[in-house]
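Asks: can't give you the sequence, but here's the structure:
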């Protein structure tokens, strides 16, 4: 079952976004060779939200009062484009449960942030070529260092767009799992919104059967009913020091690695298995 948007910006003729996912897939496919990256990526996922979706206003209470709305970034916003760049499976498998994140994970974090920046610019240029505008946002470090709250939460926005659901690990679980990174941008091009699923992709939320992300957290920051973002951030800064030779890799990824949702939607996998019996 899915829930479809009930609000569409009035007077717009919406366009299918098939061309956009092809654009993103082609760019990512060529990025590794052109930029000599250590990181590999699987096929990206794309979802689109209506900029007038009431869910954006709810982020003022869900995330924080300083959270921006699409129209704060682009006054004539019609659509919010969200995409997920899944890491190659070898990157997740390198990040075994232990205190510091692996070298491969640190490189993936840094190189994917650069990819998102470059990809956003590429999409923006293509939208301009089509006669539209776009406002881009950084992949990370768009948060208040005192409150550790973001003013543009890619994962919450991705939920509104129908890209996935947030799991117990506080990360977005997509059809390709949660091992990867998110990007988003706002445009005045009217695009068809993506349906949202009513079914959680998290096994814990679905049937209480999994706590692996909590077990993997080396900082004990993640619990069933709470998340200590300060403890989490302290570990991210420790990892940044360990991997300082690579760049500012304030990453961890233990709650994304060696869990059932690393590379797939485990609830969909469970439901598919049941339907065959």
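Replies: Yes, it's here. This is a predicted model, so every value here is computed, not measured.

Asks: pLDDT of the longest helix seen in the chain, averaged?
Replies: Assignment by DSSP state H gives helix 103-129 as the longest helix of the chain. For helix 103-129, the mean pLDDT works out to 97.

Asks: That one: how far from the chain's middle?
Replies: For helix 103-129, the separation from the chain centroid amounts to 13 Å (computed by C-alpha atoms, centre = their mean, to the nearest Å).

Asks: List the buried residues for it?
Replies: Counting neighbours by 16 or more other C-beta atoms under 10 Å, one finds that the buried residues in helix 103-129 are 103-113, 115-116, 119-120, 123-124, 127. For every residue, glycine as well, the C-beta is placed using N, CA and C.

Asks: likewise stretch 177-192?
Replies: 177-191.

Asks: next one: stretch 25-38
Replies: Using 16+ other C-beta under 10 Å as the test for burial, stretch 25-38 gives 25, 27, 28, 31, 32, 37.

Asks: Ok, stretch 158-170 next?
Replies: Neighbour-count burial for stretch 158-170 [16+ other C-beta under 10 Å]: 158, 159, 160, 161, 162, 163, 164, 165, 166, 167, 168, 169.

Asks: Provide a list of residues in contact with residue 180.
Replies: 41, 42, 84, 85, 86, 87, 112, 174 (C-beta atoms under 8 Å, 6 or more residues apart in numbering).

Asks: what are the ranges of the helices in the stretch 101-250 of the chain?
Replies: Secondary structure of the stretch 101-250 of the chain (DSSP state H, counting those that start in this stretch): helices located at 103-129, 154-161, 203-207, 212-216, 229-242.

Asks: coming back round to it: let me have the contacts of residue 180 in TSV, extended by distance to residue 63 and secondary structure.
Replies: Formatted as TSV, those follow (distance: C-beta to C-beta, whole Å; DSSP: H, G, I helix; E, B strand; the rest coil):
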residue	distance to residue 63	secondary structure
41	27	strand
42	28	coil
84	19	strand
85	22	strand
86	24	strand
87	25	strand
112	22	helix
174	19	strand
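
Asks: just the residues you listed now: which is nearest residue 51?
Replies: Closest approach to residue 51 among the contacts of residue 180 (C-beta to C-beta): residue 84, at 19.6 Å.

Asks: what does stretch 265-275 contact?
Replies: By C-beta under 8 Å, 6+ apart, the surrounding residues in contact with stretch 265-275 are 164, 173-175, 177, 199-203, 206, 210, 260.

Asks: Determine how far that stretch lies from the middle of the whole chain.
Replies: With C-alpha atoms, centre = their mean, you get 22 Å for stretch 265-275.

Asks: again, but for stretch 60-70
Replies: Mean-position distance between stretch 60-70 and its chain equals 17 Å (C-alpha atoms, centre = their mean).

Asks: Stretch 224-237 too?
Replies: Counting by C-alpha atoms, centre = their mean, stretch 224-237 is centred 18 Å from the centre of its parent chain.

Asks: buried set for it?
Replies: For stretch 224-237, a neighbour-count test (16+ other C-beta under 10 Å) marks 227, 229, 232, 233, 235, 236 as buried.

Asks: if I read this right, the fourth one contacts residue 148, doesn't it?
Replies: Yes. Checked against C-beta atoms under 8 Å, the pair residue 233 and residue 148 is within contact range at 5.7 Å.
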